[in-house]
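the amino acid sequence is not available; the structure is as follows:
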């Protein structure tokens, strides 16, 4: 498969080294998935189109962040793809499953991603929050928990609440999650945009979205009871 052409058809112009890293990453995901369930085994043959490409489109909408946290990275999605797209960002990948984070650590080392670190932990773990509190400009995640829960997890970890952002990849019907989050944090700014990919998929058939959350400083102030 011509990776550069696939991405170009979706409005993304890859550099040659990026295309090579993506191709290598796809192969590594397939290799490690035989041992650790990083991606649904039914979907592993479609890893580029159904997983890596939407994660790249997701990351392409998030630029200029120095310190990034990927919650529940699984097989490194979207964090590794974000790193390939934004090589200047310092990125921490965390997951609560030891086997997954061990596999991702090896993948990161094989790809030579110098600014990517991995950590076996739960995001709500007290020691983790104490160590990494107020550390990140951007927190990203791919369908690891409901939106309201991720907002709660993100708040103590964001560096500057007035400029920091949370961005989550989600699929399906988000009405309930959005409603619950807005009810709990009425002053947060939430935006929802479809991640349209593949030519001819203008209706977002696969129902993948990017949900961004901002205005944490004001949202928390107004939410004090």
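That came through fine. None of these values were measured; they are calculated from a predicted model.

helices along the chain, start to end?
Secondary structure of the chain (DSSP state H): helices at 3-8, 16-33, 47, 53-60, 79-85, 98-111, 126-132, 147-154, 175-184, 216-221.

which of the ones you listed has the lowest mean pLDDT?
Lowest mean pLDDT of the helices of the chain: helix 216-221, a mean of 73.

one step back: tabulate the helices of the chain in CSV, adding columns for distance to residue 169 and mean neighbour count.
Yep, even glycine has a C-beta here, placed from its N, CA and C like the rest. Shown next, in CSV, are those (distance: least, C-beta to C-beta, whole Å; neighbours: other C-beta atoms under 10 Å):
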stretch, distance to residue 169, mean neighbour count
helix 3-8, 17, 17
helix 16-33, 16, 17
helix 47, 15, 21
helix 53-60, 5, 23
helix 79-85, 11, 26
helix 98-111, 17, 19
helix 126-132, 21, 13
helix 147-154, 11, 20
helix 175-184, 13, 14
helix 216-221, 19, 16
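
what's the closest of the ones you listed to residue 167?
Distance to residue 167, taken as C-beta to C-beta, is lowest for helix 53-60 among those, at 7.3 Å.

what does that closest one rub up against?
By C-beta atoms under 8 Å, 6 or more residues apart in numbering, the surrounding residues in contact with helix 53-60 are 6-7, 10, 12, 22, 77-78, 81-82, 84-86, 140, 142, 167, 169, 195, 197, 206, 208, 210.

residue 137 against residue 161, yeah?
No - taking contacts as C-beta atoms under 8 Å, residue 137 lies outside contact range of residue 161: 11.0 Å.

quick check: neighbours shared by those two?
By C-beta under 8 Å, 6+ apart, no residue touches both residue 137 and residue 161.

excluding its backbone neighbours, what's nearest residue 211?
Among residues not flanking residue 211 along the chain, residue 168 sits closest, at 4.7 Å (C-beta to C-beta, 6 or more residues apart in numbering).

pLDDT score assigned to that neighbour?
Listed pLDDT for residue 168 reads 97.

okay, now it: neighbour count?
27 (other C-beta atoms under 10 Å).

nearest to residue 67, of the helices of the chain?
Ranking the helices of the chain by their distance to residue 67 (criterion: C-beta to C-beta) puts helix 126-132 first, at 9.6 Å.

and that closest one, what does it pack against?
The criterion is 3 or more C-beta pairs under 8 Å, 6 or more residues apart in numbering; DSSP states H and E, and there are no helices or strands that helix 126-132 contacts.

hmm, try it at 10 Å
Counting by 3 or more C-beta pairs under 10 Å, 6 or more residues apart in numbering; DSSP states H and E, the packing neighbours recorded for helix 126-132 are strand 90-95, strand 116-120.

which of those is buried the deepest?
Mean neighbours per residue, mean count of other C-beta atoms under 10 Å, is largest over the helices and strands packed on helix 126-132 for strand 90-95, with a mean of 24.

what lines up beside it in the sheet?
strand 67-71 (parallel), strand 116-120 (parallel) (DSSP bridges).

now the angle between helix 147-154 and the first one, please.
Right, the one you point to is strand 67-71. Using axes from the mean of the first three to the mean of the last three C-alpha atoms, to 10 degrees, the inter-axis angle of strand 67-71 relative to helix 147-154 is 130 degrees.

sweet, I'm off.
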